[in-house]
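> sequence unknown, structure follows:
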């Protein structure tokens, strides 16, 4: 924001082409960040307003327009996302634009078209950055397929979808997390927990891994281990409804229903707040309802979790 302010102070006549391009990039990135923050608060309409302004600011910059298209997909505006990306591809059908289109297809779960595009891209010459993006898309696509098949109860097919990536990239955290979810679905929680333990050694503050690990530990009633991870999760994201729900699940599994209800109520309060328009100050600060914190403190659990 400060960089954008400084650029805006420079008279237009004094700006070079490079300065204008930098200002455009910074402005678009700032609007995308604001849109993401609004979405996190459940404020979709103002988020889409920010994306419209970001699209206008991007002008004809293909890379920036691709980033806006992906943000539209995140905001649930798939039609605009696809329309924008297909317009980009009609004018600049290069590898970079195709990779961005693949990212949009992944977000929108257009698996058949995505699979064909990834095969096509696999035959293309890429620079190192594009190759990294392509590899990440392949992993994400395989994981998406495996998760869908897992949800359908077809664990064997899910593993088949994931196994090529596991063979190529045995240390890939995203693929191994997916494998752990397969073990959880199969009821093999100890094997899942061993994977999460290993992954968290390398990435101890990854909130997604932490929540999955807490669920795995809770499933086998290893509450001491679950509490270690829950304390870290509460430190990282104390205002997250997902974290509070996970805490509720942990206590409910132990039969501590009164404490579980405190966490579930706190999570519901956050979700209800996110569903309503919020002031700009509330959005900016992202503060937890003080009375929600008070309820948790009264149950002694908030204090225990933050001082244990």
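Yep, it's here. What you see is a predicted model, and the numbers here were worked out from it, not measured in a lab.

> Now the closest residue to residue 59 other than its chain neighbours: which helix or strand?
Nearest residue to residue 59 in three dimensions, chain neighbours excluded: residue 24, at 6.5 Å (CB to CB, 6 or more residues apart in numbering). In short, each C-beta sits where N, CA and C put it, glycine included. If you go by DSSP states H and E, residue 24 is part of helix 17-40.

> Mind listing residues that contact the helix or strand that that helix is followed by?
Going down the chain from helix 17-40, the next helix or strand is helix 44-58, by DSSP H and E. For helix 44-58, contacts defined as CB atoms under 8 Å, 6 or more residues apart in numbering pick out 24, 27-28, 31-32, 34-36, 38-39, 64-65, 67-68, 71-72, 75-77, 84.

> ChimeraX command for the buried members of the residues you listed?
Restricted to buried positions by 16 or more other CB atoms under 10 Å, the ChimeraX selection for the contacts of helix 44-58 reads:
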select :24,27,28,31,32,34,35,38,39,64,65,67,68,71,72,75,77,84
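
> most centrally placed residue in this protein?
The residue lying closest to the centre of the chain (CA atoms, centre = their mean) is residue 208, at 8.8 Å.

> is it true that that residue touches residue 177?
Yes: between residue 208 and residue 177 there is a contact at 7.5 Å, judged by CB atoms under 8 Å.

> For the helix holding residue 24, name the packing helices and strands.
In terms of contacts (3 or more CB pairs under 8 Å, 6 or more residues apart in numbering; DSSP states H and E), helix 17-40 is packed against helix 2-9, helix 44-58, helix 62-74, helix 280-285.

> least reliable of these going by mean pLDDT?
Lowest mean pLDDT of the helices and strands packed on helix 17-40: helix 280-285, a mean of 43.

> got a list of what the residue nearest to residue 59 touches?
With CB under 8 Å, 6+ apart as the criterion, the residues that contact residue 24 are 57-59, 61, 64.
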